[in-house]
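In: Take a look and give me a structure for this.
(one chain, ligands or ions: 1)
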Amino acid sequence: MSANSLHSLDVAHHLHPVTNLRRHERQGPIVIDRGDGIYVYDDEGREYIEAMAGLWSVGVGFGEPRLVEAATRQLSKLPYYHVFSQKAHAPSALLAAKLIELAPAGLSHVFFTNSGAEANDSVIKFVWYYNNALGRTEKKKFISREGAYHGITIAAGSLTGLAGNQKGFDLPLSFARHVSRPHYYRNALPGESEAEFVERLGKELEDTILAEGPETVAAFIGEPLMGAGGVIVPPKGYWQKVQEICRKYDVLVIADEVINGFGRLGTMFGSETLGIQPDILVCSKQITSSYQPLAAVLIKDEIYQVIADQSEKLGVLGHGYTTGAHPVATAVALENLAIIEERGLVARAAAMGEYMRAGLARFADHPLVGEVRGMGLIAAVELVADKATKARFDPVGKVGLKLFDRAHDHGLIIRAIGDSIAFCPPMIITEEQIDEMLRRFKITLDEVT
Ligand code: PLP
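Out: Presented below is the predicted three-dimensional model:
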């Protein structure tokens, strides 16, 4: 590393998120310079298959000219305007209408933010505002799951159920409760059937609501398919059970579709795949294929009506972000959704997902592979120290981290979640590219294990 190289400037001055900072200082970064389709290239020209679509997010792939043109057009016409105090602009109005057209039934209004965490913070505030308006001033707690990822702001970070994002930060705050994750392979009791496992998780949720007092529990939030917590596919009937219990105690159901939305599970929204009728739905990432920062909160009309009345009573809905509903971001989202529809990328994700998961299933016989799981075009391979006992490596993540590092040498970017290796490639990936991605993964796995 020369003193003024990008690498050394980065190490000297850039504080990176979700990074072991001392490791970063020792090893330096991989500087990504450009992207094209499913590939990115570093500053030395090395090619990588981006098997994680960035952060589960670049649905249409890198270098899509239509998104660049949409951004440029909007930048020339109106590079910025806000939507506070009865102002509006075309791209955000059109996008709100488009999202409601695509979303599950009953959702009627959209609030835009810059990130998924801000969207979940907004959800918490809207739910509190709603319950205050109804005079239910005690009904404020949120139930989330261990392993959930809902972002890292103070409130959303409290809903997140991953120690790595909470340790050292005095999180979670006390309005958040966590119940077990629906991971049958890891959390089922010996001899327990999937149906019994679902019943047990349902009982845990109901017991939690009763122990807290239903008059204090406002909402249950979950990713239809848990992503950053390890690509956890819920067992059949899980979401039906959760919804049945939530409805019984007047607890709102919130679907965090920040990863699942816009085709990832082979349907437009994960709620569709998993039979969820959410009161509130949160989406981001693939909404713009992450070419621009944008997230959206979609709320049910009954909730909107209460919030609207309350805004009149209090004089204003006193919540919003300077760059929320940004015209360039919303214009890019409209074009991105048009591409997804015109190119049939949702059906494509379903088909390529099946192909990818069939390919990954061939690793199931490997002595260190405990479980291969996934749905649509998202999957994970969990590596274990002992296949028979499912014992984890000591320390957890030891092999995952090695694989993550070594994959770079073979032109592959994957994600290690502990010792689970996640795959979530752009939805434009072809069968040949999946074969090549799995070939590079196999070489890495053989080398590391
Ligand atoms: N919710 C889910 C399900 C996510 O996966 C993420 C990010 O990965 C977030 C929320 C937070 O989004 P952001 O990083 O844009 O704040």
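In: check which helix or strand covers residue 142.
Out: Applying DSSP states H and E as the criterion places residue 142 in strand 141-145.
In: quick one, phi psi at the closest residue to residue 173 other than its chain neighbours?
Out: Using Cβ to Cβ, 6 or more residues apart in numbering and skipping the chain neighbours, the partner closest in space to residue 173 is residue 158 (4.3 Å). Backbone N, C-alpha and C define where each C-beta goes, glycine included. Note on residue 158: its backbone torsions stand at phi -80, psi -30 [degrees, to the nearest 10].
In: Make sure residue 127 is actually in contact with residue 221.
Out: No - applying Cβ atoms under 8 Å, one finds residue 127 not in contact with residue 221, separated by 9.5 Å.
In: Up against the ligand, what does this protein have?
Out: Residues of the chain lying near the ligand by Cβ under 6 Å from any ligand atom: 55, 115-117, 120, 149-151, 223, 227-228, 256, 258-259, 284.
In: just curious, which of those residues is nearest to residue 409?
Out: residue 55 (21.7 Å; Cβ to Cβ).
In: and residue 249, what does it touch?
Out: If you count contacts by Cβ atoms under 8 Å, 6 or more residues apart in numbering, residue 249 has them with 206, 209, 214, 217.
In: pLDDT wise, what is it at?
Out: Note on residue 249: pLDDT of 98.
In: Name the helix or strand for residue 16, please.
Out: Using DSSP H and E, residue 16 is not contained in any helix or strand.
In: which non-adjacent residue is nearest it?
Out: Nearest one to residue 16, counting by Cβ to Cβ, 6+ apart, is residue 24 at 5.9 Å.
In: Doesn't that neighbour lie inside a strand?
Out: No - assigned with DSSP: H, G, I helix; E, B strand; the rest coil, residue 24 falls outside any strand and is helix.
In: still on that earlier bit, how far off centre is the strand holding residue 142?
Out: Offset of strand 141-145 from its chain centre (Cα atoms, centre = their mean, to the nearest Å): 17 Å.
In: That strand - which strands sit beside it in the sheet, and in what orientation?
Out: With DSSP bridges as the test, strand 141-145 is paired with strand 176-179 (parallel), strand 217-222 (parallel).
In: Nearest to residue 32 among those strands would be which one?
Out: strand 217-222 (31.7 Å).
In: gap between residue 158 and the ligand?
Out: Remark: distance between residue 158 and the ligand (Cβ to the nearest ligand atom, to the nearest Å) = 13 Å.
In: for residue 401, same thing?
Out: 19 Å.
In: Over to residue 330?
Out: Distance from residue 330 to the ligand, by Cβ to the nearest ligand atom: 16 Å.
In: What pLDDT is listed against that residue?
Out: 98.
In: next one: residue 449
Out: Reported pLDDT for residue 449: 83.
In: Next, count neighbours for it.
Out: 13 (other Cβ atoms under 10 Å).
In: Give me the nearest residue to it, chain neighbours excluded.
Out: That would be residue 368: by Cβ to Cβ, 6+ apart, it lies 5.0 Å from residue 449.
In: Which residue, other than its chain neighbours, is closest to residue 87?
Out: Excluding its sequence neighbours, the residue lying closest to residue 87 (Cβ to Cβ, 6+ apart) is residue 81, at 6.5 Å.
In: oh sorry, the question was meant for residue 39
Out: Per Cβ to Cβ, 6+ apart, closest to residue 39 is residue 47, 5.5 Å.
In: same thing with residue 34?
Out: Distances taken as Cβ to Cβ, 6+ apart place residue 41 nearest to residue 34, at 5.2 Å, with adjacent residues excluded.
In: State the distance from the one you found to residue 407.
Out: Distance, residue 41 to residue 407, using Cβ to Cβ, to the nearest Å: 16 Å.
In: Show me which of those two is the more surrounded one.
Out: Of the pair residue 41 and residue 407, residue 407 is the one with more neighbours under other Cβ under 10 Å, namely 25 against 16.
In: For residue 127 and residue 221, list the residues in contact with both.
Out: residue 142.
In: So if I had to pick from these two, which one is more boxed in?
Out: residue 221 (26 against 23).
In: Flag every buried residue along the helix or strand harbouring residue 360.
Out: Using DSSP H and E, residue 360 falls within helix 345-361. For helix 345-361, a neighbour-count test (16 or more other Cβ atoms under 10 Å) marks 345-346, 348-350, 352-353, 355-357, 359-360 as buried.
In: Same question for stretch 36-54.
Out: For stretch 36-54, by 16+ other Cβ under 10 Å, it's 37-41, 48-54.
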